[in-house]
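**Student:** give me a model of this one.
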Amino acid sequence: MKCDIKLAVIGGDARQVFCAKSLSALGFETALYGFDEYNGDVGGSTRCTDLSDALYKAKAIILPLPATTDGITLNNSLSSETITLPFLFSLIEPSQLVLYGKSNCRISEIAEQHKIQAVDYYDREEFKVANAVPTAESAVAIAVNETPSTLCGSVCLVMGYGRIGKMLCRLLRSFGAKVYVSARKCEDFVWIESEGCNAIHTDNIRTILPECEIIFNTIPKTVLKDELLSLVKKNSLIIDLASKPGGVDFEPAKKAGLDVIWALSLPGKTAPISAGEILSDTIVNILTEKGVCAE
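**Tutor:** Got it, this is the predicted structure:
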């Protein structure tokens, strides 16, 4: 691959660092900014102390996942500096490509105002499928560490049968757990049963909640609330993998004494190397399609 071009990686968590290392190993010149609190190795990447230097002559600028959590500032968890989105985009040239992850349209809106092309890498199917693996593995690791019993023989409920839900089913079954999976589509019911799991319509989970010891939610909508929370056993563990607002009504759950873990951005926290390589692969695919680099 011909990739002797500069890329700027601005802000984020450890996965962005490992993404930069992976891109550097492929031959890209990678500039890092917004990682002053990261003391680890950055490979062949260059740490920049000035944002303008990092952006200078970069063909593409890679922003975090999520790029922003408040719609105002860049998600910059490994730096003490606050970078506002308007300031960042004021330094980006229209000829530069911005690659970002999941910002609820805020990045695309600001990019459009500055006549800058922006692509959400989180929307890429290859990224979501690959990212489901470390997410599911990390969720299972949380369950192992936070429960006093083995997964083997435990009764688990996976709410939602998307990419992460599918990976969770396979992992939990391999541990010997009894797995219920909630879904709404008839074809999903067939796939769930073929995986050796027990399919149940999402509207009917109240019938099996009292039996469940571990509940994994992947549905990006508040489902566990009101009456349903009252049916959950007090010693059960709920692991919510859904992005904001989450799938659990957290305040009532807390008042009910339920053990709820809202596990966001797991790949970046628990498997940053794999997460960074997944992101790097996706970035290369986008750059190739956009003609920024050639095979």
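
**Student:** going forward, measure contacts and count neighbours with C-alpha atoms only.
**Tutor:** Fine.

**Student:** count the residues that sit near the closest residue in space to residue 85 that isn't next to it in sequence.
**Tutor:** Nearest non-adjacent residue to residue 85, counting by CA to CA, 6 or more residues apart in numbering: residue 73, 5.4 Å away. Counted with other CA atoms under 10 Å, the neighbours of residue 73 add up to 16.

**Student:** cool, residue 220 as well?
**Tutor:** 16.

**Student:** ok, now how distant is the nearest residue to it once chain neighbours are set aside from residue 221?
**Tutor:** Of all residues not flanking residue 220 in the chain, residue 242 sits nearest, at 4.9 Å (CA to CA, 6+ apart). Residue 242 sits 8 Å away from residue 221, going by CA to CA, to the nearest Å.

**Student:** okay, those two: which has more neighbours?
**Tutor:** Taking other CA under 10 Å, residue 242 and residue 221 do not tie; residue 242 has more neighbours (20 against 15).

**Student:** any idea which element that one lies in?
**Tutor:** In this assignment (DSSP states H and E), residue 242 forms part of neither any helix nor any strand.

**Student:** ok, now residue 88?
**Tutor:** helix 85-90.

**Student:** pLDDT of that helix, averaged?
**Tutor:** Mean pLDDT, helix 85-90: 96.

**Student:** how much space between the closest residue to residue 170 other than its chain neighbours and residue 218?
**Tutor:** Nearest residue to residue 170 in three dimensions, chain neighbours excluded: residue 195, at 7.2 Å (CA to CA, 6+ apart). From residue 195 over to residue 218 the distance is 18 Å, taken as CA to CA.

**Student:** the two - which one has more neighbours?
**Tutor:** A count of neighbours by other CA under 10 Å puts residue 218 above the other of residue 195 and residue 218, at 22 against 14.

**Student:** measure that one to residue 118 for me?
**Tutor:** From residue 218 to residue 118 the distance is 27 Å (CA to CA).

**Student:** residue 83 too?
**Tutor:** From residue 83 to residue 118 the distance is 18 Å (CA to CA).

**Student:** same question, residue 236
**Tutor:** Remark: distance between residue 236 and residue 118 (CA to CA) = 43 Å.

**Student:** so which bits of the helix holding residue 88 are buried?
**Tutor:** 85-86, 89 (16 or more other CA atoms under 10 Å).

**Student:** would you mind listing the outside residues contacting that helix?
**Tutor:** For helix 85-90, contacts defined as CA atoms under 8 Å, 6 or more residues apart in numbering pick out 71-74, 107, 110-111, 114.

**Student:** restricted to strands, list the residues you listed.
**Tutor:** Among the contacts of helix 85-90, the subset assigned to strands under DSSP state E is empty.

**Student:** which secondary element of the protein has the worst mean pLDDT?
**Tutor:** Lowest by mean pLDDT, DSSP states H and E among the helices and strands of the chain is helix 266-270, with a mean of 89.

**Student:** pull the CA atoms of that one into PDB?
**Tutor:** In PDB, the C-alpha atoms belonging to helix 266-270 read as follows (Å, rounded to 0.1, in the frame of the first residue of the first chain):
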ATOM      1  CA  LEU A 266     -15.300  -1.100  26.800                       C
ATOM      2  CA  PRO A 267     -12.900  -1.900  23.900                       C
ATOM      3  CA  GLY A 268     -10.900   1.300  24.600                       C
ATOM      4  CA  LYS A 269     -10.700   0.500  28.300                       C
ATOM      5  CA  THR A 270     -10.100  -3.200  28.400                       C
END
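
**Student:** centre of the chain to it, how far?
**Tutor:** 8 Å (CA atoms, centre = their mean, to the nearest Å).

**Student:** next, the buried residues of that helix.
**Tutor:** Buried residues in helix 266-270, counted by 16+ other CA under 10 Å: 266-270.

**Student:** before we move on, what about stretch 285-295?
**Tutor:** Neighbour-count burial for stretch 285-295, counted by 16+ other CA under 10 Å, picks out 285-288, 292-293.

**Student:** so can I have a markdown table of the buried residues of helix 266-270 showing distance to residue 64?
**Tutor:** Below are the buried residues of helix 266-270 laid out as a markdown table (distance: CA to CA, whole Å):
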| residue | distance to residue 64 |
| --- | --- |
| 266 | 14 |
| 267 | 13 |
| 268 | 10 |
| 269 | 13 |
| 270 | 16 |
